[in-house]
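> Below is the sequence, then the predicted model.
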Amino acid sequence: QVQLVESGGGLVQPGGSLRLSCVASGFTFSTYTMTWYRQAPGKERELVAVIISSGSGTGYAGSVKGRFTISRDNAKNTVYLQMNSLKPEDTAVYYCKARSESVKGSEYWGKGTLVTVSS
């Protein structure tokens with residue numbers, strides 16, 4: 001059974017930090033590109049950060065570049081999102097997505113974790 005389980009969300013003050021984790025099971029994690037998305041209330045889901053299967057390539061949305069860092073540990077089937085210098089506009093539900101680099105159309109989503117940035 002395929003699962004992606006996000007954790008690490010919560011309430012944090014502006015300027016604070018959080019680290020999100022997404023633990024995968026039921027598929028070959030090390031062959032999947034992993035992506036973090038977020039969806040704020042009343043807004044469309046947007047890409048935040050992406051990392052390829054080997055971990056050697058990453059990409060970021062302009063709004064988080066320099067503040068967020070995506071990483072992965074293929075031995076632990078886990079992808080992380082380190083979020084620093086958080087702003088109120090970072091408030092959203094954060095989701096992780098797995099997309100196969102070899103099997104077209106094979107992708108999975110987690111159920112999300114809520115991040116609230118407020119004083």
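It's in.
> Which parts of the chain are strands?
Ranges of strands within the chain are 3-7, 10-12, 18-25, 32-39, 46-51, 58-60, 68-73, 78-83, 92-100, 107-109, 113-117, based on DSSP state E.
> would you turn the ones you listed into JSON lines with mean pLDDT and mean neighbour count?
(C-beta placed from N, C-alpha, C; glycine too.) Shown next, in JSON lines, are the strands of the chain (pLDDT from 0 to 100; neighbours: other C-beta atoms under 10 Å):
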{"stretch": "strand 3-7", "mean pLDDT": "98", "mean neighbour count": "17"}
{"stretch": "strand 10-12", "mean pLDDT": "98", "mean neighbour count": "14"}
{"stretch": "strand 18-25", "mean pLDDT": "98", "mean neighbour count": "19"}
{"stretch": "strand 32-39", "mean pLDDT": "98", "mean neighbour count": "22"}
{"stretch": "strand 46-51", "mean pLDDT": "98", "mean neighbour count": "20"}
{"stretch": "strand 58-60", "mean pLDDT": "98", "mean neighbour count": "14"}
{"stretch": "strand 68-73", "mean pLDDT": "98", "mean neighbour count": "18"}
{"stretch": "strand 78-83", "mean pLDDT": "98", "mean neighbour count": "23"}
{"stretch": "strand 92-100", "mean pLDDT": "97", "mean neighbour count": "21"}
{"stretch": "strand 107-109", "mean pLDDT": "97", "mean neighbour count": "15"}
{"stretch": "strand 113-117", "mean pLDDT": "98", "mean neighbour count": "18"}
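> which residues sit against stretch 85-92?
Under the criterion C-beta atoms under 8 Å, 6 or more residues apart in numbering, residues 12-18, 38-41, 43, 63-64, 67, 83, 114-118 lie in contact with stretch 85-92.
> ok, now with 6 Å
Stretch 85-92 is contacted from outside by Val12, Gly16, Arg38, Gln39, Ala40, Arg67, Thr116, Val117, using C-beta atoms under 6 Å, 6 or more residues apart in numbering.
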